[in-house]
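A.B. asks: Predicted model follows, preceded by the sequence.
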2 protein chains.
Amino acid sequence: MADEKLMSRLSLNQITIDQWSLKEAVDGCLRNEVPWISVWRHKIEEIGLKQSKKLIRDSGLRVSSICRGGMFPASTAKERTDRIDDNKHAIEEAAELGTDTLVLVCGPSADRDIDTAREQVAEGIDKLVPFAKDYGVKLAIEPLHPMFAADRSVINTMDQATTIAEKYEPEEVGVIVDVYHVWWDPNLSHEIERAKGRILGFHVSDWKVPMPDMFAGRAMMGEGVIEINRMRKAVEEAGYHGPIEVEIINKLLWDRNGDEVLAEVKQSFVKHV
Amino acid sequence: MADEKLMSRLSLNQITIDQWSLKEAVDGCLRNEVPWISVWRHKIEEIGLKQSKKLIRDSGLRVSSICRGGMFPASTAKERTDRIDDNKHAIEEAAELGTDTLVLVCGPSADRDIDTAREQVAEGIDKLVPFAKDYGVKLAIEPLHPMFAADRSVINTMDQATTIAEKYEPEEVGVIVDVYHVWWDPNLSHEIERAKGRILGFHVSDWKVPMPDMFAGRAMMGEGVIEINRMRKAVEEAGYHGPIEVEIINKLLWDRNGDEVLAEVKQSFVKHV
């Protein structure tokens, strides 16, 4: 019974089985009784937004989030404006696909000046908020592990993410808690508590030693060192009871049969999340 | 003139040219006019402490630190006591080689319980302080990048290191600022200021994108994204004017001629540190 309740929160983050098109992923979720899906934008692009929307609507699947907006810092004002425009498209896509959550991977610095890049992230979000609100879409800042500070995001801690989010209403801007990115944080318990009412997603995978690849070497839940269950309880105490995305970015999974991977995900999910 | 002053602070951290024995490293430093050396314990072991001491003394080189003590967490009380004993040896070695600084790489958790591991680090340091003080050796806690939280150290931020250090006198426990480990920290400026009077070492290398290897993929200063010069000024404002260790852990450097590497280190040092 408790398992059923947990399984009703399982969401397949599409990157976990990146070998599947959106149609294949939707079919795979239905076949394997996974009730939620997190859709990546490069998969929407492959078939267009209209077709993607139809696929999702006909399936009855619920969309936990769209991955991803963000990538705010850039060298010139023109480039930064282009990024904002791209984020607006992402917001439209989220609304069309029926989710209220756009995940923000905020982007790296264009040069060595990380402080300025962090300011550009805050400015970018500030520009997006009214637009997102009009569409009923929340901006979900996902802090990325500090090892991605140089190439993916200059937002690397819950503290940073929540500090930006707090400037807005909880229905405007919140945070994503991804165990892989934040498990090491000495202030984690405090930061999860602090984000109460603003947690817009909970992502699971695991950190295995040795790490086979910084970007695409995440492990199946239970294979690594992260206290996933403890973190789930912490985000629940902070008021989050929504979908739980399995986001295992791992090259080895991409070479396998998607149904096999999804079966393994379900087993690992019920046992370790 | 300014260059000369800076070069008088250059210290070769031995791991940068790990292909050299201690004798070769000492000779290399003399040949290349590098005034300081940071000695690794596996190099001392190769020839014994007595011989190491003679080598250093005869050379006139100054020893900036011994790498490394630490590795405190372990499953059993017996193992943890063994680790303390090993640290005591390291303290003796530091004193014999004429340095007052023992670098602590605090160690990973023995299991998934990172909070307990962090407590064990604090307990281990507490047990060592009186012993170290007797030998005139300071314990220098080096926060390691969060990507090493699972396999090398559960002390991952300046905040954690300084919080432990502050329980003791500045001549007992302090911190190492290694640019590679802390450059991403959103609170870095504040934390360097906070560590004022307790900074016991400044280590340089660089973070290059893409990172060729998490452990042994550090770059030569200037090849990556770190604002090294800005950080040097910050630690100087916080009162640190001691030796600056070049610690570039990179497999590619180990396959090259040591003198060539050291010449490159000097060029990069004067230009980017």
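C.D. replies: In hand now; what should we look at? Numbering: from 1, shown residues only, chains lettered A, B, ... in the order given.
A.B. asks: Could you list the contact residues of the stretch 101-250 of chain A toward chain B?
C.D. replies: Counting by C-beta under 8 Å from any C-beta of the partner chain, the stretch 101-250 of chain A comes close to chain B at A:109, A:112-114, A:118, A:145-147, A:149-151, A:156-157, A:159-160, A:183-186, A:207, A:209-211, A:214, A:224-227. The way it works is simple: take the backbone N, C-alpha and C, and place the C-beta from them, glycine included.
A.B. asks: Which among those count as buried?
C.D. replies: Buried subset of these (neighbour count, 16 or more other C-beta atoms under 10 Å in any protein chain shown): A:109, A:112, A:114, A:118, A:145-147, A:149-151, A:156-157, A:159-160, A:183-186, A:207, A:211, A:214, A:224-227.
A.B. asks: thinking residue A:32 is in contact with residue A:262, fair?
C.D. replies: Yes - the criterion here is C-beta atoms under 8 Å, and residue A:32 meets it with residue A:262 at 4.7 Å.
A.B. asks: more neighbours, the two?
C.D. replies: A side-by-side neighbour count of residue A:32 and residue A:262, using other C-beta atoms under 10 Å in any protein chain shown, places residue A:262 first with 24 against 16.
A.B. asks: who touches the residue in the stretch 151-273 of chain A that chain B sits nearest to in this structure?
C.D. replies: Residue of the stretch 151-273 of chain A nearest chain B, by C-beta to the nearest C-beta: residue A:184 (3.7 Å). Applying C-beta atoms under 8 Å, 6 or more residues apart in numbering or on different chains to residue A:184 gives the contacts A:145, B:114, B:146, B:149-150, B:156.
A.B. asks: you'd agree residue A:90 is up against residue A:71?
C.D. replies: No - Residue A:90 is beyond contact range of residue A:71, at 10.1 Å (criterion: C-beta under 8 Å).
A.B. asks: These two: who's more crowded?
C.D. replies: More crowded of residue A:90 and residue A:71, by other C-beta under 10 Å: residue A:90, with 24 against 20.
A.B. asks: low-confidence ranges in the stretch 51-200 of chain A?
C.D. replies: Nowhere does the stretch 51-200 of chain A drop to pLDDT under 70.
A.B. asks: how much space is there between residue A:9 and chain B?
C.D. replies: Counting by C-beta to the nearest C-beta, to the nearest Å, the gap from residue A:9 to chain B is 22 Å.
A.B. asks: Strands along the stretch 51-200 of chain A, start to end?
C.D. replies: Along the stretch 51-200 of chain A, the segments classed as strands by DSSP state E, counting those that start in this stretch run A:62-70, A:101-105, A:138-141, A:173-178, A:199-204.
A.B. asks: re earlier: biggest separation within the contacts of residue A:184, which pair?
C.D. replies: Pairwise distances across the contacts of residue A:184 (C-beta to C-beta) peak at 14.8 Å, for the pair A:145 and B:114.
A.B. asks: circling back to that earlier point, excluding its backbone neighbours, what's nearest the residue of the stretch 151-273 of chain A closest to chain B?
C.D. replies: Computed as C-beta to C-beta, 6 or more residues apart in numbering or on different chains, the closest residue to residue A:184 that is not its neighbour in sequence is residue B:149, at 3.7 Å.
A.B. asks: show me what contacts the one you found?
C.D. replies: Going by C-beta under 8 Å, 6+ apart, residue B:149 touches A:183-184, B:108, B:114, B:156.
A.B. asks: residue ranges of the helices in the stretch 151-273 of chain A, please?
C.D. replies: Applying DSSP state H, counting those that start in this stretch to the stretch 151-273 of chain A gives helices spanning A:158-165, A:179-182, A:188-194, A:228-237, A:251-254, A:258-272.
A.B. asks: follow-up on the earlier one: distance check, the residue of the stretch 151-273 of chain A closest to chain B against residue A:254.
C.D. replies: As judged by C-beta to C-beta, to the nearest Å, residue A:184 and residue A:254 stand 26 Å apart.
A.B. asks: before we move on, what about residue A:136?
C.D. replies: 33 Å.
A.B. asks: In terms of packing, which of the two has more residues around it?
C.D. replies: The neighbour comparison of residue A:136 against residue A:254 (other C-beta under 10 Å) goes to residue A:254, with 16 against 12.
A.B. asks: Give me the pLDDT for the more buried one.
C.D. replies: According to the prediction, residue A:254 has pLDDT 97.
A.B. asks: could you list every residue that touches it?
C.D. replies: Counting by C-beta under 8 Å, 6+ apart, residue A:254 touches A:17-19, A:216.
A.B. asks: Go ahead and build a ChimeraX selection from the buried members of those residues.
C.D. replies: Typed into ChimeraX, the line below selects the buried ones among the contacts of residue A:254, using 16+ other C-beta under 10 Å:
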select /A:17,18
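A.B. asks: got TSV for the contacts of residue A:254, with secondary structure and pLDDT too?
C.D. replies: Output for those, formatted as TSV (DSSP: H, G, I helix; E, B strand; the rest coil; pLDDT from 0 to 100):
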residue	secondary structure	pLDDT
A:17	helix	98
A:18	coil	98
A:19	coil	98
A:216	coil	94
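A.B. asks: Going by distance to residue A:56, which of the contacts of residue A:254 wins?
C.D. replies: Nearest to residue A:56, judged by C-beta to C-beta, of the contacts of residue A:254 is residue A:17 at 16.4 Å.
A.B. asks: Without its sequence neighbours, what residue ends up closest to that closest one?
C.D. replies: Spatially, and ignoring its direct neighbours in sequence, residue A:17 is nearest to residue A:258 (4.5 Å; C-beta to C-beta, 6+ apart).
A.B. asks: Report the separation between that neighbour and residue A:52.
C.D. replies: Taking C-beta to C-beta as the measure, residue A:258 falls 18 Å from residue A:52.
A.B. asks: Can you report how many residues neighbour residue A:50?
C.D. replies: Counted with other C-beta under 10 Å, residue A:50 comes out at 9.
A.B. asks: next one: residue A:250
C.D. replies: Number of residues near residue A:250 (other C-beta under 10 Å) recorded here: 22.
A.B. asks: Fine by me, we can end here.
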